[in-house]
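>>> What follows is a protein structure lacking sequence information:
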């Protein structure tokens, strides 16, 4: 029963990718990332046929971190820097959206070519992961504001998390929690550096970071 | 037990340093922790623990073959660091000292990790720990370098996580029970699903290659090495890159066990040669001597990768080169730091005549430059010679030729820049530098010791090291 629900949730996450690509306002990108994180956090709960405390803990922590903690950090950085809108992105919104849509289609088509275990053949995990990876890269390369780039990085990580769900029944939880911890600390450190960029350059525009070049 | 001690000792020192009240005395925790770690790692080198195949963390032959070099490098940097932090007394050093020691513990963990997930966790933690160290100076340039490091390094590390998952999935498809230790993955061998292993190899090579600084994923390196304090640059170039290299070696062993060793070795050769070429070309153009060290590091990562791609004998040479590179790079970074502080600038346009202003550091810098460009009798000469000989013996004549051309170009690039800085008349802006930064024993002896070690390893590499390298090669490149 849960297969269809899980696929629906992955589909929602893929739609949120496109939303993040199309939006010009930074708060809506952050919101898209937050909702995506919560949707992805729900999936492990639905995948289990019987209730498992450890999986439930990981799911709740994932939702709390990806859905609330990280977006709150980013929102704070955004307000302190007084930025609301991405101006003059390197890759425009329509081209990004087209890239994202083409990438999503390619991901769905390409995932068919990969050999999957029988229990994973009908799922959208691999296409969802590939589409999120691509979205993350487009945002990382195509946006000039540091916060939008961080959002791109988060979507990239969400894609990897989606792929990791294929392994959730076989890898020890210790590894999962270590990975989650590292990601959290990583984003926290990124948040601090964003703050430093704001103070040092009085802006969060990464186009100003051009002193170091050959 | 000893494996855990190698990690816990630095962590304990870090905790003590974090709690220690005095800013003036706190830096001494670095050499203390470094000394304990060096003694322990050398003790393990001479008294190897019995092999535990299933262990997640163990000081196996590969870890023993590399970790002591990192440990000795850290010790030299730590001694230098005491003096460095005294000069930089205006900046609080609690975070710096603690994180340096945490970094040492995590480096030990990364070298000893025999589990795919654990290896990733350790490498990612190393990346994150380095961030506050990089922008110790809090200048706008340092923030910019840190941001690039985070974005490029973070993306690389994300890709290596994806690659780890792919390798895990390959194991699941081969009927594995989810045991992601390298021993278990290697034991699965040809049962691993080949398409997933190939995807995993590409992603892991790109991911850990970013950490190593292989071209074209090297873009963060010049900025970071240019802006980071000298001791941090030395640890990054000689320690962090080494962890990533051992990671590549461990993953390659799994890919080879799956029957795709030929493909893996070809990619290693290609990416290694490309790194050397890119580094050599940039070395001919750069005018900044700290960025020069970064490109030189890219070049030497290329040499390691080429060695790893040439089979067992090449890997032996690569492990030898890890030692030569770590020790010599350490000496170069530390002496470059002295010159940089005395001159107050870092480009050949603004710095000159340093042989007159800082004669000892300049002598060390020039000697280190000759050592790193493979002049005998320093260790890099002998390891690179072995790489070339292995390349010819395995019928990779073209690769060997390109290898030699790149070495020659790099030699031109390095000598051009180094002699522009050392020779000539001192620039006016740098003239009163000498009064401010006298060349005390604390800043001369650590790089000197590193250079002497590199010399000793070149002239007479001890038997215990050679045996450990052979054991590590036997572990990673089993002869069918």
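Structure received. Source: prediction; values computed, not measured.
>>> what's stretch B:211-222 in contact with?
Stretch B:211-222 is contacted by residues A:212, A:214, B:123, B:127, B:145, B:148-149, B:152-153, B:156-157, B:160, B:206, B:209-210, B:240-241, B:243-245, B:247-248, B:271-272, B:274-275, B:277-279, B:282, B:286, B:291, B:294-295, B:297-298, B:301-302, B:304-305 when judged by CB atoms under 8 Å, 6 or more residues apart in numbering or on different chains. The way it works is simple: take the backbone N, C-alpha and C, and place the C-beta from them, glycine included.
>>> How about the contacts made by residue B:229?
Per CB under 8 Å, 6+ apart, neighbours of residue B:229: B:84, B:133, B:136, B:137, B:337.
>>> May I ask which of the residues you listed has the most neighbours?
When neighbours are taken as other CB atoms under 10 Å in any protein chain shown, the top entry among the contacts of residue B:229 is residue B:84 (25 neighbours).
>>> any idea which helix or strand carries the residue nearest to the spatial centre of chain A?
For chain A, the residue nearest the mean C-alpha position is residue A:155 (1.8 Å; CA atoms, centre = their mean). Using DSSP states H and E, the secondary-structure element containing residue A:155 is helix A:146-164.
>>> Least confident secondary structure element in chain A?
Taking mean pLDDT, DSSP states H and E as the measure, helix A:173-201 is the helix or strand of chain A with the lowest mean score, a mean of 67.
>>> Local confidence estimate at whatever residue of chain A ends up closest to chain B?
For chain A, the residue closest to chain B is residue A:170, as judged by CB to the nearest CB, at 2.8 Å. Note for residue A:170: predicted pLDDT of 73.
>>> helix/strand/coil for it?
What DSSP: H, G, I helix; E, B strand; the rest coil gives for residue A:170 is coil.
>>> which ones are touching the residue in the stretch 101-250 of chain B that chain A sits nearest to?
Of all residues in the stretch 101-250 of chain B, residue B:178 sits closest to chain A, at 2.8 Å by CB to the nearest CB. Neighbour list for residue B:178: A:167, A:169, A:170, A:171, A:172, B:168, B:171, B:172 [criterion: CB under 8 Å, 6+ apart].
>>> rerun at 10 Å
A:167, A:168, A:169, A:170, A:171, A:172, A:175, B:168, B:171, B:172, B:184 (CB atoms under 10 Å, 6 or more residues apart in numbering or on different chains).
>>> sec struct for it, please.
Residue B:178 ends up coil, using three-state DSSP.
>>> Got the phi and psi for it?
phi 90, psi 10 (degrees, to the nearest 10).
>>> How about stretch B:231-240 and chain A, touching?
No: on the criterion CB under 10 Å from any CB of the partner chain, stretch B:231-240 is out of touch with chain A, staying 14.3 Å away.
>>> just the buried members of the contacts of residue B:178?
Listed as buried from these are A:167, A:168, A:171, A:175, B:168, B:171, B:172, B:184; burial here means 16 or more other CB atoms under 10 Å in any protein chain shown.
>>> ok, which pair from the residues you listed is furthest apart?
By the measure CB to CB, A:168 and B:184 form the most distant pair in the buried ones among the contacts of residue B:178, at 18.5 Å.
>>> you'd agree residue B:273 is up against residue B:406?
Yes: using CB atoms under 10 Å, residue B:273 is in contact with residue B:406, at 7.5 Å.
>>> Report the set of residues contacting both of the two.
Common neighbours of residue B:273 and residue B:406 (CB under 10 Å, 6+ apart) are B:302, B:303, B:306.
>>> quick check, nearest of those to chain A?
residue B:302 (18.1 Å).
>>> tell me the contacts of the closest one?
Contact partners of residue B:302, counting by CB under 10 Å, 6+ apart, are B:212-215, B:218, B:271-280, B:403, B:406, B:410.
>>> Please narrow these to those residing in helices.
B:212, B:271-280, B:403, B:406, B:410 (DSSP state H).
>>> Kindly list the main-chain dihedrals of residue A:25?
Recorded main-chain torsions at residue A:25 are phi -90, psi 130, according to degrees, to the nearest 10.
>>> okay but it is in contact with residue A:31, surely?
Yes: in this structure, residue A:25 is within contact of residue A:31 by CB under 10 Å, at 9.3 Å.
>>> out of those two, which sits in the more crowded spot?
residue A:31 (18 against 12).
>>> Which strand or helix spans that one?
Assessed by DSSP H and E, residue A:31 sits inside helix A:26-47.
>>> now the angle from that helix to helix A:146-164?
Orientation check (axes from the mean of the first three to the mean of the last three CA atoms, to 10 degrees): helix A:26-47 against helix A:146-164 gives 10 degrees.
>>> Which strands or helices does helix A:26-47 pack on?
helix A:2-22, helix A:53-63, helix A:70-81, helix A:125-142, helix A:146-164 (3 or more CB pairs under 10 Å, 6 or more residues apart in numbering or on different chains; DSSP states H and E).
>>> if we go to 6 Å?
helix A:2-22, helix A:53-63, helix A:70-81, helix A:146-164 (3 or more CB pairs under 6 Å, 6 or more residues apart in numbering or on different chains; DSSP states H and E).
>>> Please spell out which residues along that helix are buried.
A:26-27, A:29-45, A:47.
>>> which outside residues touch the helix or strand hosting residue B:132?
Residue B:132 is part of helix B:116-134 when elements are defined by DSSP H and E. Outside helix B:116-134, the residues that touch it by CB atoms under 6 Å, 6 or more residues apart in numbering or on different chains are A:175, A:178, A:182, A:185-186, A:189, B:56, B:95, B:99, B:102-103, B:106, B:109-110, B:113, B:146, B:153, B:157, B:161, B:164, B:180, B:224, B:228, B:232, B:240, B:247.
>>> And stretch B:369-376, by the same measure?
Contacts of stretch B:369-376 (CB under 6 Å, 6+ apart): B:328, B:378, B:380, B:381, B:384, B:411, B:414, B:418, B:454.
>>> about what we covered before: now do the helix holding residue A:155: everything it contacts.
Residues outside helix A:146-164 that contact it (CB under 6 Å, 6+ apart): A:26, A:29, A:33, A:36, A:40, A:74, A:78, A:86, A:125, A:128-129, A:132-133, A:135-136, A:139-140, A:143, A:183, A:190, A:194, A:197, A:204, A:206, B:158, B:161-162, B:165.
>>> now it and helix A:2-22, what's the angle there?
Taking the same axes, to 10 degrees, one finds that helix A:146-164 is oriented at 160 degrees with respect to helix A:2-22.
>>> ok and helix A:146-164 relative to helix A:70-81, angle-wise?
Helix A:146-164 and helix A:70-81 are oriented at 170 degrees to each other (the same axes, to 10 degrees).
>>> orientation of helix A:146-164 relative to helix A:53-63 in degrees?
Helix A:146-164 and helix A:53-63 are oriented at 160 degrees to each other (the same axes, to 10 degrees).
>>> interface residues of chain B facing chain A?
Applying CB under 6 Å from any CB of the partner chain, we find that chain B lies next to chain A at B:117, B:121, B:124, B:128, B:131, B:140-141, B:143-144, B:146-147, B:150, B:158, B:161-162, B:165, B:168-169, B:172, B:178, B:195, B:223.
>>> which of those residues count as buried?
B:117, B:121, B:124, B:128, B:131, B:140-141, B:143-144, B:146-147, B:150, B:158, B:161-162, B:165, B:168-169, B:172, B:223.
>>> For residue 163, give me the pLDDT.
All of this refers to chain A. Note on residue A:163: pLDDT of 87.
>>> wrong one, chain B
At residue B:163, pLDDT is 93.
>>> Likewise for the one 3 residues further on?
Turning to residue B:166, the model gives it a pLDDT of 91.
>>> Give me the phi and psi for the residue nearest to it when sequence neighbours are not counted.
Once flanking residues are discounted, residue B:166 sits nearest to residue B:200: 3.8 Å by CB to CB, 6 or more residues apart in numbering or on different chains. Main-chain torsions, residue B:200, degrees, to the nearest 10: phi -60, psi -40.
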